[in-house]
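Participant: Next come a sequence and a model predicted from it.
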Amino acid sequence: MNNRLGDLGVPDWSVQEEQHHGDIETPHDGSEDGADAQSEEMRNFFSHVEYLQDTISQISSATTEITRLNEEALLATTSAREKELSTALEPCIRSTNADAKRAKDILGLLREDNGRIAREGGNEADLRVRDNLVNTLTRKFIAEMKVYQQAQKKYRSDIKAKVRRQVQIVKPDATEEQIDAVFRDGARGG
């Protein structure tokens with residue numbers, strides 16, 4: 001079997017684990033070669049499903065962290081604290097974006113594998129399970145990414161509104177371009 005998911009750096013937990021007798025996700029019926037190869041393929045599939053579930057959970061945690069940082073940034077009274085919070089946000093977003101890209105790639109490869117199995121006339125029951133899980137994970141991933149992106153968008157708009165208020169205190173007749181310039185300078189650390 002060609003392990004394209006391994007090329008993405010996805011851990012293959014099934015190789016590290018002993019065989020799971022009695023596990024409902026990896027049935028062992030004692031049949032020879034073909035069934036064992038298929039079971040190995042399903043074990044690999046389920047290990048990738050577990051990885052994707054963990055990644056979706058991490059994206060959810062990052063969304064919560066962005067929301068928390070946003071609330072703190074709105075209440076921050078010093079520019080040093082605002083900068084500290086902004087600095088804490090950067091690695092969170094960077095690592096979450098990398099995780100999200102890897103999850104998207106894995107979902108695509110799992111979908112391709114399902115197509116290959118269907119063309120090769122693989123076990124229909126396994127294929128239905130695979131298709132259902134991939135479709136469910138894809139929907140969950142998309143939904144969680146929408147929430148994550150919304151949290152990022154809210155953080156940015158809230159900070160921009162705070163900058164607008166601060167600029168208008170100093171210069172009540174400030175134009176939108178001047179406010180945007182201050183916001184961009186602050187975002188660059190200037």
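Facilitator: The structure has been received and is ready for your questions. Numbering: from 1, shown residues only.

Participant: Please state the offset of the longest helix seen in the chain from the chain centre?
Facilitator: Looking across the chain with DSSP state H, the single longest helix is helix 124-170. With C-alpha atoms, centre = their mean, to the nearest Å as the basis, helix 124-170 stands 9 Å off its chain's centre.

Participant: right, and the helix or strand after it?
Facilitator: The first helix or strand that comes after helix 124-170 along the chain, using DSSP states H and E, is helix 176-187.

Participant: about what we covered before: what is the longest helix of the chain packed up against?
Facilitator: Where contact means 3 or more C-beta pairs under 8 Å, 6 or more residues apart in numbering; DSSP states H and E, helix 124-170 is packed against helix 33-75, helix 79-119, helix 176-187. In this view, the C-beta of every residue, glycine as well, is placed from N, C-alpha and C.

Participant: and among those, the most buried is which?
Facilitator: Stretch with highest mean neighbour count among the helices and strands packed on helix 124-170: helix 33-75 (a mean of 17; mean count of other C-beta atoms under 10 Å).

Participant: For that one, which helices and strands make contact with it?
Facilitator: Checking 3+ C-beta pairs under 8 Å, 6+ apart, helix 33-75 ends up next to helix 13-16, helix 79-119, helix 124-170.

Participant: I'd say Asp131 and Asn114 touch.
Facilitator: Yes - taking contacts as C-beta atoms under 8 Å, Asp131 lies within contact range of Asn114: 5.6 Å.
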